[in-house]
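Q: structure, please.
(one chain, ligands or ions: 1)
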Amino acid sequence: MASNKRVKGLIVSRPIYYGNIATPITGKKPANPDHTHRWTVMVKGLNNEDLSYYIRKVVFKLHETYPNPLRSIEQPPFELTETGWGEFEIMIKIHFQPITSEKPVTLYHHLRLHPFEDDLQGQPWPKDKPVLSLLYDELVFNEPT
Ligand SMILES: O=C(Nc1ccc(C(=O)N2CC(c3nccs3)C2)s1)[C@@H]1CCCN1
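A: Below you'll find the model as predicted:
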């Protein structure tokens with residue numbers, strides 16, 4: 001029978017990416033005419049790995065002007081798509097499966113809709129080209145069961 005003893009001192013790290021992709025809204029206007037971009041904020045594993053074996057849910061906290069700003073995503077992919085007109089900080093709270101007995105981890109991501117100056121290299125940004133702002137991180141677990 002497999003032991004469920006906690007293995008003292010063993011450290012496991014899981015790579016993740018978190019951040020957003022944003023695309024200017026062209027063509028069909030969104031529900032709110034002031035909204036200029038469609039964006040998706042996400043938590044991803046490497047190679048689109050299914051993270052649900054250790055992540056139970058991800059809660060994205062949007063700016064308070066969004067209806068129901070606390071958005072809980074309870075199955076993979078752990079991402080949320082919205083529209084808007086500006087950039088603001090999004091809190092990302094990762095809740096783990098009970099088996100890990102790990103406390104949730106809170107990350108913060110500055111939503112990016114516009115390219116960085118450096119990415120322009122003196123050229124105009126094509127009007128329908130997506131902007132990608134993803135950060136790499138590692139979730140470190142101690143003494144996994
Ligand atoms: O932009 C910024 N803050 C923003 C907060 C919320 C934004 C937004 O895009 N939206 C609110 C949401 C809705 N309004 C009505 C229905 S949903 C669409 S933008 C700051 C200001 C200076 C620099 N960055």
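Q: tell me where the model's unsure across this protein.
A: For the chain, residues meeting the criterion pLDDT under 70 lie at 1-7, 143-145.
Q: would you pull up the residue in it closest to the ligand?
A: residue 86 (1.9 Å; Cβ to the nearest ligand atom). Every residue, glycine included, has its C-beta placed from N, CA and C.
Q: please, which helix or strand holds the residue nearest the centre of the chain?
A: For the chain, the residue nearest the mean C-alpha position is residue 42 (2.6 Å; Cα atoms, centre = their mean). According to DSSP states H and E, residue 42 maps onto strand 37-44.
Q: about what we covered before: give me every residue that touches the residue nearest to the residue of the chain closest to the ligand when sequence neighbours are not counted.
A: In this structure, residue 86 finds its nearest non-sequential neighbour in residue 113, 7.1 Å apart by Cβ to Cβ, 6 or more residues apart in numbering. For residue 113, the contact set (Cβ atoms under 8 Å, 6 or more residues apart in numbering) comprises 22, 36, 37, 39, 84, 86, 87, 131.
Q: can I get these in TSV with neighbour count?
A: Putting the contacts of residue 113 into TSV (neighbours: other Cβ atoms under 10 Å) gives the following:
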residue	neighbour count
22	23
36	16
37	22
39	23
84	22
86	13
87	17
131	18
